[in-house]
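Chemist: quick one, fold the following:
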Amino acid sequence: MKYSGYYKNDATAQGNPISSTHFYNYLTGLWKDSTQWSFSYVFPGSPCDSPQLSMVYPVQLPFQDYRAIQSFGAMTLAPNECKDMTIAVITTFNSVYPNPCFDNIQISIDSVKLLHNSLTTSVLSCHNNTLGVVNIESDKSLRLFPNPINGELIIESIEVKMKLLVIQNLLGETILQQPIMQKTNKLNLDVSQLPSGIYFIRAELVDGKIVSGKVVKIKP
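Modeler: This next block holds a predicted model:
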């Protein structure tokens, strides 16, 4: 990522883009009027650590509708060339306003990195998919409940039946890899013996798609 910034939901020089020049300016670290940002990565610090630059230090920004911008490049792409890019957007809830710490966000970032590293190259690499894209569906395609869990986990594919189930821990270690002989949309799995922690559930569907999700195992 080369730039991480924001614009406001208003009509000022730091507000909503309305022309191609405005959009391109924002992607290259400029405001709408082509003046340079004073940063490449805005608000890199944790708000609960006051010496770090954030939305509350050195001054607390007024409450407003801020829109995030992230960009990378520039890059060249030759004919038939392939470049791999993986992007994750992380959201945490129930933060303390107005000075939340980044601990929960960092835990989520670490878990996403481990999940990415655990996925096979054939799933992620465009080199093996020049005629199409292998979809890694969002949690909407895979229901995991209850969550958190301490006993039985119900795994449900919303649309297509499952043929393989994989469970991995935060270290990327495979806890379970189980072919599903009787293809089904729904599995009941006893996880009571698993240690407390975060686990990644990945299912391969009969149509070749991969669906994944995350559950938290708690003590009984």
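Chemist: the longest strand belonging to the chain packs against which elements?
Modeler: Using DSSP state E to define each element, the chain has its longest strand at strand 174-184. For strand 174-184, the packing partners by 3 or more Cβ pairs under 8 Å, 6 or more residues apart in numbering; DSSP states H and E come out as strand 162-169. All C-beta spots, glycine's among them, are computed from the backbone N, C-alpha and C.
Chemist: buried ones in the longest strand of the chain?
Modeler: Of the residues in strand 174-184, I180 count as buried by neighbour count, 16 or more other Cβ atoms under 10 Å.
Chemist: got the contact list for P148?
Modeler: V215, V216, K217, I218 (Cβ atoms under 8 Å, 6 or more residues apart in numbering).
Chemist: among those residues, which ones are buried?
Modeler: For those, buried by 16+ other Cβ under 10 Å: V215, K217.
Chemist: touching, K32 and G15? I think so.
Modeler: Yes - the pair K32 / G15 is scored as a contact, 7.1 Å apart, by Cβ atoms under 8 Å.
Chemist: overlap in contacts, the two.
Modeler: Jointly contacting K32 and G15 under the rule Cβ under 8 Å, 6+ apart are Y7.
Chemist: which of those two has more residues huddled nearby?
Modeler: Taking other Cβ atoms under 10 Å, K32 and G15 do not tie; K32 has more neighbours (20 against 16).
Chemist: now name the helix or strand holding that one.
Modeler: Using DSSP states H and E, K32 is not contained in any helix or strand.
Chemist: over to V112?
Modeler: Using DSSP H and E, V112 falls in helix 103-118.
Chemist: quick check: mean pLDDT of that helix?
Modeler: Averaged over helix 103-118, pLDDT sits at 76.
Chemist: which strands and helices sit next to that helix?
Modeler: strand 162-169, strand 197-205, strand 210-217.
Chemist: wait, which of these is closest to A11?
Modeler: strand 210-217 (40.1 Å; Cβ to Cβ).
Chemist: lowest confidence element among the helices and strands of this structure?
Modeler: For the chain, using mean pLDDT, DSSP states H and E, the weakest element among its helices and strands is strand 136-137, scoring a mean of 42.
Chemist: circling back: and the helix holding V112, how far from the chain's centre?
Modeler: Here the centre of helix 103-118 is set off from its chain's centre by 9 Å, with Cα atoms, centre = their mean, to the nearest Å.
Chemist: OK, contacts around A203?
Modeler: Counting by Cβ under 8 Å, 6+ apart, the residues that A203 touches are L142, I155, S157, M162, L164, L165, V166, I210, V211, S212.
Chemist: how many residues are close by the closest residue to the first one other than its chain neighbours?
Modeler: Computed as Cβ to Cβ, 6 or more residues apart in numbering, the closest residue to L142 that is not its neighbour in sequence is V211, at 4.0 Å. By other Cβ under 10 Å, the residues close to V211 number 24.
Chemist: does L187 touch L176 like I think?
Modeler: No - the criterion here is Cβ under 8 Å, and L187 misses it with L176 at 11.1 Å.
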